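# Generate a structure from the sequence data that follows.
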Amino acid sequence: MSETLYIEVGKKYLRVPTKGDLLKISPQESHQTYLGVCLSVNPAFRQGNKRLPIVEVLVNGRVLSVPLGIIEIQ
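As a prediction, the model looks like this:
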């Protein structure tokens, strides 16, 4: 049995993926979407004073660090 975790980023609550979850990445500057697999999550990552959780995703054989705000768990 697993639990669902959420993290507050700004005024939103975002679901934190777990290792092995299938993710859909929707970059804001592109109309294309990508599918990948979650490798790890760093919910404590900050840029300056702003919280910016990072997710490591395996996409087409490449490991990408993606902000939690642009992914959707499938």
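# Tell me which strands the longest strand along the chain pairs with, and in which orientation.
The longest strand of the chain (DSSP state E) is strand 34-42. Strand pairing for strand 34-42, determined by DSSP bridges: strand 22-25 (antiparallel), strand 54-59 (antiparallel).
# I'd like to know which of these lies nearest to Leu14.
The minimum distance between Leu14 and the strands paired with strand 34-42 falls on strand 54-59, with 10.2 Å, by Cβ to Cβ. Where you see a C-beta, it was placed from the backbone N, CA and C, and this is true even at glycine.
# So what touches the closest one?
Outside strand 54-59, the residues that touch it by Cβ atoms under 8 Å, 6 or more residues apart in numbering are 17, 23, 25, 34-42, 45, 63-68, 71.
# If you count neighbours, what's buried in the longest strand of the chain?
Burial within strand 34-42, assessed by neighbour count using 16 or more other Cβ atoms under 10 Å, is assigned to Tyr34, Gly36, Cys38, Leu39, Val41.
# now, which of those residues sits nearest Lys11?
When these are ranked by distance to Lys11 (Cβ to Cβ), Val41 comes first, at 20.5 Å.
# Bridging across strands, which residues link to that closest one?
Beta-bridge partners, per DSSP bridges, of Val41: Val55.
# wait, it sits on Val66?
No: assessed by Cβ atoms under 8 Å, Val41 is found out of contact with Val66, at 10.3 Å.
# picking up where we left off before, nearest approach to Val9 belongs to which of the strands paired with strand 34-42?
When these are compared by Cβ to Cβ, strand 54-59 sits nearest Val9, at 11.4 Å.
# Just the C-alpha atoms of that closest one, please, in CSV.
The C-alpha coordinates for strand 54-59 follow below in CSV (Å, rounded to 0.1, in the frame of the first residue of the first chain):
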residue,chain,number,x,y,z
ILE,A,54,12.6,19.0,-9.4
VAL,A,55,11.7,15.6,-10.8
GLU,A,56,14.3,13.4,-12.6
VAL,A,57,12.6,11.8,-15.6
LEU,A,58,13.8,9.2,-18.1
VAL,A,59,12.6,10.3,-21.6
